[in-house]
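Colleague: Mind looking at a prediction? Sequence and model below.
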Amino acid sequence: MPIIHYIEADGSEYEAEVSVGSSVMQGAVDNMIDGILAECGGACRCATCHCYVDEQWLDRVGAAEGVEKELLEAAVDIEPNSRLSCQIEVTEELDGLVVRLPVTQY
């Protein structure tokens, strides 16, 4: 299983094995990583799973599009590398992915 690295705003780092086909958000929820709230359960409706994809991974993860891009406009402190973690599907190619979590989801 691919390993995803979640880095909280305070620098705390967590590694989680996440099943291929699952989302980065679900990996955080399943591993009780507090920085991702996921209030809508991954339905791309709330933007409480906002994360920052490390620059070296942007090409593999891709940019936000459509509804995700619109929802990100409501998120706090968005950056060019902002994504909703519910919309990042885990693949073998994302083994080692690093995502940073914002100070707050609200």
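Modeller: Thanks, I have it.

Colleague: Please, where are all the helices along the chain?
Modeller: Using DSSP state H, the helices of the chain run over residues 24-30, 58-61, 66-72.

Colleague: Just the buried residues of the last one, please?
Modeller: Within helix 66-72, the residues scored as buried using 16 or more other C-beta atoms under 10 Å are 68, 71-72. Where C-beta positions appear, they are placed from N, C-alpha and C, glycine not excepted.

Colleague: Contacts only, for the residue nearest the centre of the chain.
Modeller: With distances taken as C-alpha atoms, centre = their mean, the chain has S85 as the residue nearest its mean C-alpha position (2.8 Å). Applying C-beta atoms under 8 Å, 6 or more residues apart in numbering to S85 gives the contacts 23-25, 28, 36, 38, 49-51, 99.

Colleague: For C44, grab phi and psi.
Modeller: When quoted as degrees, to the nearest 10, the phi and psi of C44 stand at phi 60, psi 50.
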